[in-house]
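> Any chance you could fold what I've pasted below:
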Amino acid sequence: MNKNIKLWSFAGFTLTVAGGTLLHFLYDITNQNILVASFSAVNESTWEHMKLMFFPQFFFALFQCKYFKDYKNFWCVKLTGILTGLLMIPVLFYTYNGAVGKSPDWLNITFFLMSAAVAFIAETYLLRNDILKCKRLWIAYLVIILLGILFVAFTFAPPELPIFRDAITGTYGI
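Sure thing, here's the model as predicted:
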């Protein structure tokens, strides 16, 4: 299995990027379906772009876990990968925009690709080297579930903080 970790990570990266791209447009494609809003981007806020990373990574992990039963630290590694990808998006976006100014769309796409790549590189490293010891697996489950709940809840009732503000319309949530 160890030799296949790189292949799994490449598949996860590819599906996360493809899934995130689809989810960027799915809400509008489905005529703003309220169910679709729960897991796809409803505006151009940084938070909604983080959602594009979370749900594809999460659903890939659900599929992947069937094949990684021997890895006791699997969900802790997945949580680390998810958090890495999620945190990189606002760090790259706000660092660039704070230092240089408004980032062009192509650069925002690059930030998304870089975030996904680093997330799966981190997962590959942690799984291959078995260095992340997972003492309380239930915490990994709880944090991942809580993140999913927050992404859905803040779609419909976001706090009025800059990360939730649509960069184009200045509105929050739907």
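> Spit out the contact partners of the closest residue to Asn108 other than its chain neighbours.
Take Asn108 and drop its neighbours on the chain: the residue closest to it by C-beta to C-beta, 6 or more residues apart in numbering is Phe93, 6.8 Å away. C-beta here means a position set from N, CA and C on the backbone, and glycine is covered the same way. With contacts defined as C-beta atoms under 8 Å, 6 or more residues apart in numbering, Phe93 is in contact with Thr46, His49, Ser103, Asn108, Phe111.
> Work out for me the element Phe93 sits within.
helix 74-99 (DSSP states H and E).
> Please spell out which residues along that helix are buried.
Within helix 74-99, the residues that count as buried by 16 or more other C-beta atoms under 10 Å are 74-86, 88-90, 92-93, 96.
> Next step: the contacts of Phe93 restricted to helices.
Thr46, His49, Asn108, Phe111 (DSSP state H).
> Which member of these is positioned nearest Leu35?
Among the ones in helices among the contacts of Phe93, His49 lies closest to Leu35 (C-beta to C-beta), at 20.0 Å.
> give me the element Gly12 is part of.
Per DSSP H and E: helix 5-29 holds Gly12.
> In the next helix-or-strand element following that helix, which of the residues would be classed as buried?
From helix 5-29 onward toward the C-terminus, using DSSP H and E, the following helix or strand is helix 34-37. For helix 34-37, the buried set under the neighbour-count rule, 16+ other C-beta under 10 Å, comprises Val36, Ala37.
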